[in-house]
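Enquirer: What follows is a predicted protein model with its sequence.
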Amino acid sequence: MSVPATVSATPARTAALPMLALLAGNAALALGPWFVRLADSGPVAAGFWRLVLVLPVVALLAWREGRKRPVAATRLRWLVAAAGAFFALDLAAWHIGIELTRLGNAALFGNAGSLVLMLWGLVALRRPPRRLEWLALGAAVGCGAILMGRSLEVSVSTLAGDLFCLFAGLCYVGYLLPAQRARAELGPWSVLALASLAGAPLLLAAALALGEPVVPATAGGWLTVAGLSLGSQLIGQGLLVYALAHFSPLVIGMALLTQPAIAAGVGWAAFGEVLGAGDVIGMVLVSAALVLVSAARQQQTG
């Protein structure tokens with residue numbers, strides 16, 4: 001009796017690993033705004049440390065990955081480096097927005113790039129939106145109106161924070177499109193390493209230009225930026241790199257919904273950010289939009 005039990009349990013455990021990696025990766029990324037709030041460096045400087053502290057590990061993984069692949073064209077590498085500038089702009093705007101708005105809003109608007117990618121795909125295919133795509137756009141617009149209206153009720157600064165996070169989500173598309181194009185040829189770790197090498201100096205320059213404190217002042221400050229770097233850049237991105245190869249776009253899109261929920265929970269527990277009925281409705285709408293986007297993509301590829 002023991003042999004069949006072992007044989008049947010092993011595949012089940014193996015199949016569960018990608019799902020655990022997907023959920024854990026999203027959870028790690030959702031904690032990023034909390035670390036940004038706690039950092040005693042400036043928000044843009046925290047983005048610099050996020051890229052730099054784990055860069056040796058990412059570079060080592062990229063080197064190991066590159067040994068198994070043919071040498072990529074120099075033009076493709078420069079394309080990824082240029083995409084790193086958008087990655088830096090994304091982190092700078094998002095981290096500034098995190099300081100100004102609620103953590104749940106920051107996570108929600110930071111994922112706005114999903115809808116932009118859908119529109120980009122429609123432009124590339126030269127066709128009008130289908131029913132699911134129209135529904136996704138309507139849900140996203142409704143979500144944005146409700147959440148920004150709620151932020152304006154609190155103060156003008158929280159509305160500005162939402163706009164910064166929305167802008168960050170748009171900038172992420174400028175990174176993601178060329179990164180996805182280069183991913184198959186260069187490999188995911190190589191893309192991340194090149195983008196980090198290009199983006200880190202830009203974040204440092206921006207932090208200095210804004211007059212932010214760059215170097216953490218305390219041991220706790222160093223632990224905070226180290227947690228941000230390990231959690232968001234290495235663990236979060238690393239687990240997603242592993243999980244993306246195992247799931248359909250629909251499952252990936254649904255898993256993204258855990259990020260705003262976790263971020264909102266952290267904002268409530270750590271900073272007393274109470275969610276109102278409008279916030280809950282907005283989250284439901286953006287969740288529906290992301291699921292509809294993923295379903296529409298699956299229809300296109302299915």
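Expert: On my side now, so go ahead. Numbers count the residues shown, from 1 in each chain.

Enquirer: Where is the longest helix in this protein?
Expert: Secondary structure assigned by DSSP state H gives helix 156-186 as the longest helix of the chain.

Enquirer: what's that one packed up against?
Expert: helix 74-100, helix 103-110, helix 113-125, helix 131-154, helix 188-209 (3 or more C-beta pairs under 8 Å, 6 or more residues apart in numbering; DSSP states H and E). Placement of C-beta: from N, CA and C, glycine included.

Enquirer: Could you check how many residues crowd around residue 219?
Expert: A count of neighbours around residue 219, defined by other C-beta atoms under 10 Å, yields 8.

Enquirer: can you pull the contacts of it?
Expert: Residue 219 makes contact with no residue, according to C-beta atoms under 8 Å, 6 or more residues apart in numbering.

Enquirer: Could you tell me the least trusted of the helices and strands packed on helix 156-186?
Expert: In terms of mean pLDDT, the lowest-scoring of these is helix 113-125 (a mean of 62).

Enquirer: still on that earlier bit, pull out the buried residues from the longest helix of the chain.
Expert: Buried residues in helix 156-186, counted by 16 or more other C-beta atoms under 10 Å: 158-179, 182-183, 186.

Enquirer: again, but for stretch 75-92
Expert: In stretch 75-92, counting by 16+ other C-beta under 10 Å, buried: 76-77, 79-80, 83-92.

Enquirer: so how many other residues sit close to residue 208?
Expert: By other C-beta under 10 Å, the residues close to residue 208 number 14.

Enquirer: before we move on, the earlier item: which of the buried residues of stretch 75-92 sits closest to residue 226?
Expert: Of all these, residue 226 sits closest to residue 91, with 16.4 Å by C-beta to C-beta.

Enquirer: Who are the contact partners of the closest one?
Expert: Contacts for residue 91 (C-beta under 8 Å, 6+ apart) come out as 44, 47, 50-51, 168, 199, 203.

Enquirer: quick revisit: with distance to residue 230 added, can I get the buried residues of stretch 75-92 in CSV?
Expert: CSV is the format used below for those (distance: C-beta to C-beta, whole Å):
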residue, distance to residue 230
76, 29
77, 26
79, 28
80, 23
83, 23
84, 20
85, 24
86, 23
87, 18
88, 19
89, 23
90, 19
91, 16
92, 20
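
Enquirer: State the distance from the closest residue to residue 46 other than its chain neighbours to residue 212.
Expert: In this structure, residue 46 finds its nearest non-sequential neighbour in residue 39, 4.4 Å apart by C-beta to C-beta, 6 or more residues apart in numbering. According to C-beta to C-beta, to the nearest Å, residue 39 stands 10 Å off from residue 212.

Enquirer: which one of those two has more residues nearby?
Expert: Between residue 39 and residue 212, counted using other C-beta under 10 Å, residue 39 has the larger neighbour count: 26 against 16.

Enquirer: Quick check, the more buried one in contact with residue 224.
Expert: Yes. Using C-beta atoms under 8 Å as the test, residue 39 is close enough to residue 224 to be in contact (4.8 Å).

Enquirer: Can you get me a residue count around the closest residue to residue 81 other than its chain neighbours?
Expert: Leaving aside its chain neighbours, residue 81 sits nearest to residue 198 (4.2 Å; criterion: C-beta to C-beta, 6+ apart). The local packing of residue 198 (other C-beta under 10 Å) involves 20 other residues.

Enquirer: need the contact list for residue 198.
Expert: Contacts here follow C-beta under 8 Å, 6+ apart; on that basis residue 198 touches 80-85, 87-88.

Enquirer: could I get the residues you listed as JSON lines with distance to residue 98?
Expert: Formatted as JSON lines, the contacts of residue 198 follow (distance: C-beta to C-beta, whole Å):
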{"residue": "80", "distance to residue 98": "26"}
{"residue": "81", "distance to residue 98": "26"}
{"residue": "82", "distance to residue 98": "25"}
{"residue": "83", "distance to residue 98": "22"}
{"residue": "84", "distance to residue 98": "21"}
{"residue": "85", "distance to residue 98": "20"}
{"residue": "87", "distance to residue 98": "16"}
{"residue": "88", "distance to residue 98": "16"}
